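Novice: Next input, structure requested:
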Amino acid sequence: MVIVDGSIVAIAIPQISQSLNTATGATTLIISVYLITICATLLLFGQFGDQYGRVRIFEIGTFIFLLGSFVAGVGQVLELVLVGRFVQGIGASMTMANSYAIVTDTFPAKQLGSAFGVESIFISLGALAGPGLGGIILGSLPWGYIFWINLPIGIICLGIELVAFPKSKPQKAKGIDWHGATLLALAASCLYLLTMQLNVHVVVTVLLFLLMILFSWQFVRMEKRATQPLLNLTIFRNAMFRKSIVVAFLSFIVSYFFTILAPLYLQLILNYSTQFSGVLLMVAPVVSMIASPAAGYISDHYNQHIEMAVGMLILIGVQVGLLFLTGKLEPWYFIVLSAVMAAGTAVFGTPNSVLVMQSVPAKLRGMAGSTNSLVREFGLVLGTTLSTVIFYRVLSLLNHREIDTAIGVSKQTFLLAQRWTYAAGLLLLCGALFYIIYAIRKDRKHVRK
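Specialist: Below you'll find the model as predicted:
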């Protein structure tokens, strides 16, 4: 549910925009505030989990997430929806920060690939099924139900957690790094405000960017001196952890380009209904249900770096294919790209998660898991921001005036702006592949020595 709610809003952007009488660009903040709240608090709740029990924090997070879902669904003005999304983000952060560590604590090392393969089913389902599920819901219900659908499912989940999950085993509390948490929250807040000001006020945008850099720098300085840091920076001295995190970060950025643009393409260019668009967007999660366990098996039995490289090559091929979305050969062209994208995501993501979690000692698993989740969510925030900025900036340049909504623009300018956006994503994925190949070659040289 928490992954779904990072993307389910995407397909509802045109409908919410019309319902709340706001531009599609502004409505995208409903996605951003959720993701940025998670970014601001993930490390904090990872530390909470390490000290007060990972399962306990996970369960509390589930309840808070449900509360936020109710508020977001009630909202009839943008501000109230954003408040609900903020509360949702807090709850989602509490679960995300501890899920990787709970899985790693439960399974032996030789089964981690398969375990993360199964977990990747639901991560992939959430990331890819959000727009599809949203489209199906919007086909017969008001947009508020894309949040309210969490309530009955979440109540069942919470009951199962309380009955079936192992009891928390908290360690002796060593203190929480509130100073680091505050600085991280300030940096994330600047990032959120920055996304609101892009393409609006250049001076304010520059100022917020500088403040974000300042708070981030202060956060790093604080963590170096803290007795119990939110982020133990020594974890990045581990080459395997560092390399895996970097390439994952780049892939997460690009994944949201498709999440933001695909629903607009289906509804505004192909004129498909939200319900049919939702069905098409469900292709990827269905394929991922098969691909993720297979990728997990491969990860347990073969070279994980090679598997990552193959997955990245597949994703690059898909990104090239997205450059040629023109409205022709549809919906089959879109279906094939979605299916191959799901396979590439599974083949890349599963071994990446295993490498991240196996590269650190047991006492740092909570921090490694929350850092992995933080990188994913921060990547999604940047993906949302970059895709939105590039897309609407190109639209504005082509129309010789400021454009902040995709509704009503010509098909030709829409497709050209979309192509430029996907081209930027292609460059990022090529950078990730280069880094993977560099890491493989360096590891081989080290083995020879």
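
Novice: Quick one: classify Val287 as helix, strand or coil.
Specialist: Using DSSP: H, G, I helix; E, B strand; the rest coil, the structure places Val287 in helix.

Novice: What about it, how many residues nearby?
Specialist: Residues within reach of Val287, counting by other CB atoms under 10 Å, total 21. C-betas here are computed from N, CA, C, even on glycine.

Novice: What sits closest to it if chain neighbours are left out?
Specialist: Ala342 (3.9 Å; CB to CB, 6 or more residues apart in numbering).

Novice: gap between that neighbour and Val103?
Specialist: For Ala342, the distance to Val103 equals 21 Å [CB to CB, to the nearest Å].

Novice: quick revisit: can I assume the residue nearest to Val287 is in contact with Pro285?
Specialist: Yes. Using CB atoms under 8 Å as the test, Ala342 is close enough to Pro285 to be in contact (7.0 Å).

Novice: For the stretch 251-400 of the chain, give me the ranges with low pLDDT.
Specialist: 362-366 (pLDDT under 70).

Novice: Quick check: the residue lying closest to Arg419 once chain neighbours are set aside vs Trp420, distance?
Specialist: Setting aside the residues directly before and after it, Arg419 is nearest to Leu323 in space (CB to CB, 6+ apart), at 5.4 Å. Separation of Leu323 from Trp420 (CB to CB) stands at 9 Å.

Novice: ok so, going back, and Ala342 and Val103? Which one has more around it.
Specialist: Higher neighbour count among Ala342 and Val103: Ala342, with 26 against 18, using other CB under 10 Å.

Novice: check which helix or strand covers the more buried one.
Specialist: helix 332-358 (DSSP states H and E).

Novice: before we move on, what about Ile123?
Specialist: helix 112-138.

Novice: could you point out which element follows that helix?
Specialist: helix 145-148.

Novice: contact partners of stretch 232-252?
Specialist: 220, 223-224, 308, 312, 315, 345, 348-349, 352, 355-356, 359-360, 364, 367-368, 371-372, 375-376, 378-380, 383, 428-429, 431-432, 435-436, 439 (CB atoms under 8 Å, 6 or more residues apart in numbering).

Novice: how far does the host helix or strand of Leu386 sit from the chain's center?
Specialist: Following DSSP H and E, the helix or strand that holds Leu386 is helix 365-399. Between the centre of helix 365-399 and the centre of its chain there are 8 Å (CA atoms, centre = their mean, to the nearest Å).

Novice: And for stretch 216-223?
Specialist: With CA atoms, centre = their mean, you get 24 Å for stretch 216-223.

Novice: Show me which parts of that stretch are buried, residue by residue.
Specialist: Counting neighbours by 16 or more other CB atoms under 10 Å, one finds that the buried residues in stretch 216-223 are 216, 218-219, 222-223.

Novice: and Tyr438, how far is that from His305?
Specialist: Applying CB to CB to Tyr438 and His305 gives a distance of 11 Å.

Novice: re earlier: looking at the helix holding Ile123 now, give me its mean pLDDT.
Specialist: Averaged across helix 112-138, pLDDT comes to 72.

Novice: same thing with stretch 94-106?
Specialist: For stretch 94-106, mean pLDDT rounds to 82.

Novice: mind checking the SS state of Val409?
Specialist: coil.

Novice: From Leu380, how far off is the spatially closest residue to it that is not a sequence neighbour?
Specialist: Distances taken as CB to CB, 6+ apart place Leu395 nearest to Val409, at 6.0 Å, with adjacent residues excluded. Relative to Leu380, Leu395 is positioned 22 Å away (CB to CB).

Novice: Report the inter-axis angle for the helix holding Leu386 versus helix 332-358.
Specialist: Calculated by axes from the mean of the first three to the mean of the last three CA atoms, to 10 degrees, helix 365-399 forms an angle of 150 degrees with helix 332-358.

Novice: Which strands or helices does helix 365-399 pack on?
Specialist: Judged by 3 or more CB pairs under 8 Å, 6 or more residues apart in numbering; DSSP states H and E, the packing partners of helix 365-399 are helix 29-52, helix 78-106, helix 178-197, helix 239-264, helix 332-358, helix 411-448.

Novice: and the last one, which residues are buried?
Specialist: If you call a residue buried by 16+ other CB under 10 Å, then helix 411-448 has these buried ones: 413-415, 417-418, 420-422, 424-426, 428-429, 432-433, 436, 439-440.

Novice: Could you check the angle it makes with helix 332-358?
Specialist: 30 degrees.

Novice: Tally up the residues packed near the nearest residue to Leu433 once chain neighbours are set aside, please.
Specialist: Nearest residue to Leu433 in three dimensions, chain neighbours excluded: Met312, at 4.6 Å (CB to CB, 6+ apart). Each residue near Met312 was counted by other CB under 10 Å, and the total is 25.

Novice: thought Met312 was touching Phe348?
Specialist: Yes. Met312 lies in contact with Phe348 (CB under 8 Å); the separation is 5.4 Å.

Novice: which phi and psi does Gln76 have?
Specialist: Dihedral pair for Gln76: phi -110, psi 0, per degrees, to the nearest 10.

Novice: ok, now which ones touch it?
Specialist: Applying CB under 8 Å, 6+ apart to Gln76 gives the contacts Leu20.

Novice: how close does it sit to Ser17?
Specialist: 14 Å.

Novice: overlap in contacts of these two?
Specialist: Common neighbours of Gln76 and Ser17, counting by CB under 8 Å, 6+ apart, are absent.

Novice: tell me the domain ranges of this structure?
Specialist: 4-166+228-448, 177-227 (automatic domain parsing).

Novice: Quick check: Tyr392 touching Val409?
Specialist: No. Between Tyr392 and Val409 there is no contact under CB under 8 Å: 9.9 Å.
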